[in-house]
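Q: Predicted model, plus sequence, below.
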Amino acid sequence: MVKTHLQLNKSSAPGLALALVIGIALLLASCSRSRPPAIDTSNFSRVTDEAGRTISLPHPVTKFVSLAPNLTEIVFALNAGDGLVGRTTYCNYPAAAQRVETVGDTLKPSIERILALKPQVVFVSTASQLEAFTSQLEAHQIAVYVTDSHDLEGVFRSMRRIAELLGKQAEAEALLHQLDARVKAVEEKVAARPPVRVFYQVSDEPLYTIGRDAFITDLLKRAGGISVTADVPGAWPKFSAESALAARPEAIILPTGGSMGNANSNIAAALKRSPAALHGRIYKINDDHLSRPGPRSVDGLEELARALHPEVFEN
């Protein structure tokens, strides 16, 4: 009986071995189908974004998503709009941007929509946008590139870096040459004028303003003003009515009329007794020119300078 048992095992061994080989082959095939397709990384390079993160990107990038209006404006100003496959609902300028598919708003974009578009990179404007979705995107081999500008020089630096990623260096240099000339013209006109003390009202109730980390603080300085909250920590701090009145601003800037519509079109109640209000120095300026660190920031600079120092722009 033992002999017969051994003979049966020997005779069945080839069949079992064949079944095992086939099973392993099927398992490997199944696993390979479940993995994302391999990406040819031979033309990729390592770059560092403005948050200090090192990421891998193809050169040039030809398919991307923007999660901030200022970045969308930069892309189109560089004549790279053809590569933009997704944008936020706030990315409304230029008109061509409105024909690009939306992926939700700036703070809560749809990860599913972004993944469906298969971009090579997603551009975001601050590191605060990262935490919720970066790991999900990178798991699908989609890089996230962060810009973070705190002054006008930083805005121009971001434009140049984005241009390098998109292969638009020549377009960037031409654009930045024009913008820089306009900035210098403003600075030369206001250089001899005493700076005007300015309160920049982001919203009236609750009262928010700009702090030392906001690029608009730098914009005001270049326009011949000085923010009364320039030393307040942060970019967009909440401010008390008492402190606003105690600052005694000589002018008040209301960013309104752009994407905000009629919002923020009235000064806060406490500021109605300020020198600025008593002398009628309340200026409404298109908020899109002031709150979006991009090419139109220079428009905002010119508008601020004309409001604060109209006498040097009369001719």
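A: That came through, no problem. Given the structure is predicted, the values throughout are model-derived calculations rather than measurements.

Q: Please report how far residue 138 lies from residue 309.
A: Using Cβ to Cβ, to the nearest Å, residue 138 is found at 48 Å from residue 309. C-beta: built from backbone N, CA, C; applies to glycine.

Q: More neighbours: which of these two?
A: Using other Cβ atoms under 10 Å as the criterion, residue 138 and residue 309 rank with residue 309 on top: 20 against 14.

Q: Name the residues that touch stretch 283-293?
A: The contact list for stretch 283-293 (Cβ atoms under 8 Å, 6 or more residues apart in numbering) reads 69-70, 73, 93, 125, 149, 154-155, 158, 215-216, 219, 251-260, 264-265, 296-297, 299-300, 303-304, 307-308.

Q: Need the nearest residue in space to residue 62, chain neighbours excluded.
A: Once flanking residues are discounted, residue 62 sits nearest to residue 83: 5.1 Å by Cβ to Cβ, 6 or more residues apart in numbering.

Q: in the protein, what secondary structure element scores lowest on mean pLDDT?
A: Of all helical and strand segments in the chain, the minimum by mean pLDDT, DSSP states H and E falls on helix 2-34, at a mean of 39.

Q: any idea which helix or strand comes after that helix?
A: Heading C-terminal from helix 2-34, the first helix or strand you meet, by DSSP states H and E, is strand 44-48.

Q: Can you tell me the strand partners of that next one and which way each runs?
A: Using DSSP bridges, strand 44-48 pairs in its sheet with strand 54-58 (antiparallel).

Q: Buried residues of the strand it pairs with, list them for me.
A: Neighbour counts over strand 54-58 (16 or more other Cβ atoms under 10 Å) mark 55, 57, 58 as buried.

Q: ok, those vs residue 236, which is closest?
A: Of all the buried residues of strand 54-58, residue 55 has the smallest distance to residue 236: 27.2 Å, by Cβ to Cβ.

Q: Just read off the phi/psi values of the residue nearest to that closest one when sequence neighbours are not counted.
A: Of all residues not flanking residue 55 in the chain, residue 143 sits nearest, at 4.4 Å (Cβ to Cβ, 6+ apart). The phi/psi pair for residue 143 (degrees, to the nearest 10) reads phi -80, psi 160.

Q: just residue 301 next, same as before
A: Per-residue torsions, residue 301: phi -60, psi -50 (degrees, to the nearest 10).

Q: quick revisit: tell me how many other residues crowd the residue nearest to residue 55.
A: Residue 143 has 22 neighbouring residues, counting by other Cβ under 10 Å.

Q: In the sheet, which residues pair with it? Tell me.
A: The partner list for residue 143 in beta bridges (DSSP bridges) reads residue 121.

Q: Report the secondary structure state of residue 288.
A: For residue 288, the assignment made with DSSP: H, G, I helix; E, B strand; the rest coil gives helix.

Q: and if you look at residue 253?
A: Secondary structure, three-state DSSP: residue 253 is strand.

Q: What is the neighbour count of it?
A: The burial count for residue 253: 31, using other Cβ under 10 Å.

Q: What separation do you get for it and residue 312?
A: Distance check for residue 253 against residue 312: by Cβ to Cβ, it reads 18 Å.

Q: cool, and residue 89?
A: Applying Cβ to Cβ, the value for residue 89 to residue 312 is 39 Å.

Q: who has more neighbours, those two?
A: Higher neighbour count among residue 89 and residue 312: residue 312, with 17 against 13, using other Cβ under 10 Å.

Q: what's the nearest residue to residue 152 once chain neighbours are set aside in contact with, if anything?
A: Nearest non-adjacent residue to residue 152, counting by Cβ to Cβ, 6+ apart: residue 218, 5.5 Å away. Listed by Cβ under 8 Å, 6+ apart, the contact set of residue 218 reads 150, 151, 152, 153.
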